[in-house]
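1. here are the coordinates; sequence isn't available:
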Ligand code: KG4
Ligand code: ZN
């Protein structure tokens, strides 16, 4: 047993429609995490209602923190620092996490640190037993972002390509809505696609016929709308064709990014990395090209507090300076503007 006091980071995620809390221990790793999803609150509106999201974060944050601490059998006084999602995300929702983090840190006289939500996603695979080594290429696929990033080290990010219009998760959600599958659409569409016939329809692979690493997914959603108008009885086949086109487009761009950067490791994270068809495509590509592919476990693909605790832990343990007590957020924030640690 070491006599150095362990450093325990509490992570708070509240950028969109889930309140996530995580606890990262400097020696034991992740020692607790819980999530409250607001899906039931927003589903009747067919999408996230920002004001309802903020109000629910206010109600959930403190009870969830208490519950995570109790499960880990520690108290508030054992916490060494607090990391919270400072952006990007919904301003009101972010403000709740920031206010809770700053007030708690101030009362406990411990430091707090604003974390970039997408850096949280990007580092989530490091919560697993088998971790990727730097440098690597990262594919970040969520409801708000589609990005290929060259990752040299924590905080050293170069965006190689990104979506020029809809994020891929957004395209899944909108296509699901067109097919009448409700919210959130990604998992529902993936489920329906399992019953579809491969090859019944062929959708385009947008922007793969020209050089570059940017994406465009809004055309796929329009393609789905037109197909559905002509063949309303072929929902599952349309879902399948959409999923195959979206995932193979992502795979083609990943292969291209790996070739271009000469990296041998691919890290995939964000909500859409939960998609099994995407994982199959990328694993097959990895096997063929000699690339190691890493993902977070399913529950850490979508938003969670564990990834925020981890990102905060890395930055704090590498000596990143913390800010004062002001309640600050950054709803728009580029990964390239982060400090290297
Ligand atoms: O990372 P995330 O939880 O939130 C953001 O930061 O945006 O990602 C949510 C997105 C949604 O668009 C959701 O439909 C999509 O991830 N998603 C999926 C799957 N699970 C979640 N998309 C396709 N297949 C899935 N299995
Ligand atoms: Zn996210």
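-> Arrived safely, thanks for sending. All values reported here derive from a predicted model rather than from experimental measurement. Ligands and ions are numbered 1, 2, ... in the order given.

2. For the residue most central in space within the chain, give me its contacts.
-> Centroid-nearest residue in the chain: residue 270, 2.9 Å away (criterion: Cα atoms, centre = their mean). Residues in contact with residue 270 (Cβ atoms under 8 Å, 6 or more residues apart in numbering) are 118, 121, 140, 141, 142, 145, 169, 301. Using the backbone N, CA and C atoms, a C-beta is placed for each residue, glycine as well.

3. Over to the residue nearest to residue 163 when sequence neighbours are not counted: give its phi and psi.
-> Spatially, and ignoring its direct neighbours in sequence, residue 163 is nearest to residue 146 (4.0 Å; Cβ to Cβ, 6 or more residues apart in numbering). When read as degrees, to the nearest 10, the backbone of residue 146 gives phi -140, psi 110.

4. can I assume residue 146 is in contact with residue 167?
-> Yes - Residue 146 is within contact range of residue 167, at 4.8 Å (criterion: Cβ atoms under 8 Å).

5. who does the helix or strand of the chain with the lowest mean pLDDT touch, helix- and strand-wise?
-> None of the helices or strands of the chain scores lower by mean pLDDT, DSSP states H and E than helix 39-43, at a mean of 95. Helices and strands touching helix 39-43, by 3 or more Cβ pairs under 8 Å, 6 or more residues apart in numbering; DSSP states H and E, are helix 50-71.

6. Help me see whether the helix it packs on makes contact with ligand 1, please.
-> No - between helix 50-71 and ligand 1, judged by Cβ under 6 Å from any ligand atom, nothing touches; the nearest distance is 12.1 Å.

7. which neighbours does the very next helix or strand once past that helix have in its sheet, and in what orientation?
-> Once helix 50-71 ends, the next helix or strand along the chain (criterion: DSSP states H and E) is strand 81-87. Strand 81-87 has the following strand partners under DSSP bridges: strand 8-13 (parallel), strand 112-116 (parallel).

8. Mind putting those strands into CSV with mean pLDDT, distance to ligand 1 and mean neighbour count?
-> As requested, the strands paired with strand 81-87 are exported to CSV (pLDDT from 0 to 100; distance: least, Cβ to the nearest ligand atom, whole Å; neighbours: other Cβ atoms under 10 Å):
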stretch, mean pLDDT, distance to ligand 1, mean neighbour count
strand 8-13, 98, 9, 29
strand 112-116, 97, 12, 25
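
9. So which residues on the stretch 101-250 of the chain come close to ligand 1?
-> Near ligand 1, when you scan the stretch 101-250 of the chain using Cβ under 6 Å from any ligand atom, you find 142, 143, 144, 169, 170, 172, 173, 184, 185, 186, 187, 190.

10. Pop out the phi and psi values for the closest residue to the first one other than its chain neighbours.
-> What sits nearest to residue 142 in space, not counting adjacent residues and going by Cβ to Cβ, 6+ apart, is residue 270, at 3.6 Å. Dihedral pair for residue 270: phi 100, psi 160, per degrees, to the nearest 10.

11. do the same with the one 4 residues further on
-> Note on residue 274: backbone dihedrals following degrees, to the nearest 10 are phi -80, psi -20.

12. For it, list the residues it contacts.
-> 186, 187, 298, 301, 302.

13. Give me the local confidence score for it.
-> Residue 274 is assigned a pLDDT of 98 by the prediction.

14. Check the gap between it and residue 302 for me.
-> 6 Å (Cβ to Cβ, to the nearest Å).
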